[in-house]
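Participant: What would the 3D arrangement of this be:
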Amino acid sequence: MKQSYINWGTNPLEESFLFPIDPDVVVSKLIIEIDDKVIEGKIIEKGKAKEKYEDAIASGNSAVLVQEDSERKDVLRMDIGNI
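Facilitator: Numbers count the residues shown, from 1 in each chain. Predicted structure coming up:
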């Protein structure tokens, strides 16, 4: 998927995207480009991932968190912060 997003405001935003997935699919790689900066995802334990995401956002850095949606097991939720 490729999407261009422009934040015309003055404050950074956090956006969420939902992706339907087949139950047999395994996500093994994630690469995102934000303002010419490439972010390559790493698979880590859920609690640590959430903590690292929140720390990055609090520090003013852009960050991405992808996880199974809490309400639907057939959906991945991708949160992108400080865009």
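Participant: Quick one: end-to-end distance for stretch 27-40.
Facilitator: 13 Å (CA to CA, to the nearest Å).
Participant: A strand includes residue 27, no?
Facilitator: No - Residue 27 sits outside any strand when classified using DSSP: H, G, I helix; E, B strand; the rest coil, being coil.
Participant: any idea how far residue 42 is from it?
Facilitator: For residue 27, the distance to residue 42 (CB to CB, to the nearest Å) stands at 12 Å. C-beta coordinates here come from the backbone N, C-alpha and C atoms, glycine included.
Participant: In terms of packing, which of the two has more residues around it?
Facilitator: residue 27 (14 against 8; other CB atoms under 10 Å).
Participant: I'd assumed residue 76 was in contact with that one.
Facilitator: Yes - counting by CB atoms under 8 Å, residue 76 is a contact partner of residue 27 at 6.8 Å.
Participant: Identify the contacts common to those two.
Facilitator: Contact criterion CB atoms under 8 Å, 6 or more residues apart in numbering; residues shared by residue 27 and residue 76: 21, 66.
Participant: List the residues that contact residue 76.
Facilitator: Going by CB under 8 Å, 6+ apart, residue 76 touches 18-19, 21, 27, 66-69.
Participant: Show me how to select, in PyMOL, the buried members of those.
Facilitator: Applying 16 or more other CB atoms under 10 Å to the contacts of residue 76, the buried members can be selected in PyMOL as follows:
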select buried, resi 21+66+69
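Participant: which two in the contacts of residue 76 are spaced the farthest apart?
Facilitator: Longest distance between any two of the contacts of residue 76 is 13.8 Å, between 18 and 27; criterion CB to CB.
Participant: any idea which helix or strand comes after whichever strand or helix holds residue 65?
Facilitator: In this structure, residue 65 sits in strand 63-68 according to DSSP states H and E. Sequence order places strand 75-81 as the next helix or strand after strand 63-68, per DSSP H and E.
Participant: How far away from the center of its chain is that next one?
Facilitator: 4 Å (CA atoms, centre = their mean, to the nearest Å).
Participant: Show me what that strand pairs with in its sheet, parallel or antiparallel.
Facilitator: Sheet pairing for strand 75-81, assigned by DSSP bridges, gives strand 14-20 (antiparallel), strand 63-68 (antiparallel).
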